[in-house]
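Novice: Model the following, please.
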Amino acid sequence: MKLIFLGIGSNLNNPSFQVLLALQKIQNLKKIVDFRASSLYLTEPVSTIPQPDFVNAVCKFRTNLEVTALFEQLCEIEIEMGKKIKSKEASRIIDIDILLYGDEFIQTSKLTIPHPRMLKRLFVLKPLKEITSEIDFSTSQSKKEIFRLQNVIEILDKSERHRSVLPFK
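Specialist: The predicted structure follows:
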């Protein structure tokens, strides 16, 4: 079974509720085991468009679903929850990204795994650090980048900008 990490975010229609609902729907998917989710984190948008703050979380689980089947099920959850396709910087009711799919590198027209911006997104790194010590960033990053990443996470631990708003239960 593959170890999967997802990033979830929302900044519309009660974002904490939307993220918790998405986590619940993911946890209830068939062929998902050993599910664990981070706390919810209130974060500023990474956008040039003025918009409300986001609520973000990361979850991990094991599955034997093929990546395309998993991706399709996650897209179904987004559509069911009311996601509309807009620009990458727009507000959204829900956004579910596959961050890691085991140790695989995947490049298709719809998917890039590992997620290309996950190491630049503090709202991914802090919740990721909360729920795992299982990721070996050295497989794809230079020692200098790993050292920078560790420093960023240490700074995050002291930051109020990406604060936990409530635990997932």
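
Novice: Could you report the separation of M81 from L20?
Specialist: Per CB to CB, to the nearest Å, M81 is found 11 Å from L20. The way it works is simple: take the backbone N, C-alpha and C, and place the C-beta from them, glycine included.

Novice: who's more crowded, those two?
Specialist: Taking neighbours as other CB atoms under 10 Å, M81 and L20 compare with L20 leading, 20 against 17.

Novice: and the helix or strand hosting the more buried one, what other elements does it pack with?
Specialist: Under the criterion DSSP states H and E, the helix or strand holding L20 is helix 15-27. Helices and strands touching helix 15-27, by 3 or more CB pairs under 8 Å, 6 or more residues apart in numbering; DSSP states H and E, are strand 2-10, strand 32-37, strand 40-43, strand 54-63, helix 67-80.

Novice: Generate JSON lines for the ones you listed, with mean pLDDT as supplementary columns.
Specialist: Output for the helices and strands packed on helix 15-27, formatted as JSON lines (pLDDT from 0 to 100):
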{"stretch": "strand 2-10", "mean pLDDT": "92"}
{"stretch": "strand 32-37", "mean pLDDT": "94"}
{"stretch": "strand 40-43", "mean pLDDT": "88"}
{"stretch": "strand 54-63", "mean pLDDT": "94"}
{"stretch": "helix 67-80", "mean pLDDT": "96"}
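
Novice: Let's have these in CSV, adding mean neighbour count and distance to K86.
Specialist: Conversion of these to CSV gives the following (neighbours: other CB atoms under 10 Å; distance: least, CB to CB, whole Å):
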stretch, mean neighbour count, distance to K86
strand 2-10, 23, 13
strand 32-37, 16, 26
strand 40-43, 23, 19
strand 54-63, 23, 15
helix 67-80, 16, 12
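
Novice: Any chance of JSON lines for the ones you listed, columns distance to I26?
Specialist: Output for the helices and strands packed on helix 15-27, formatted as JSON lines (distance: least, CB to CB, whole Å):
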{"stretch": "strand 2-10", "distance to I26": "7"}
{"stretch": "strand 32-37", "distance to I26": "7"}
{"stretch": "strand 40-43", "distance to I26": "14"}
{"stretch": "strand 54-63", "distance to I26": "6"}
{"stretch": "helix 67-80", "distance to I26": "7"}
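
Novice: ok, now which ones touch E89?
Specialist: When the contact criterion is CB atoms under 8 Å, 6 or more residues apart in numbering, the partners of E89 are P45, V46, S47, T48, I49.
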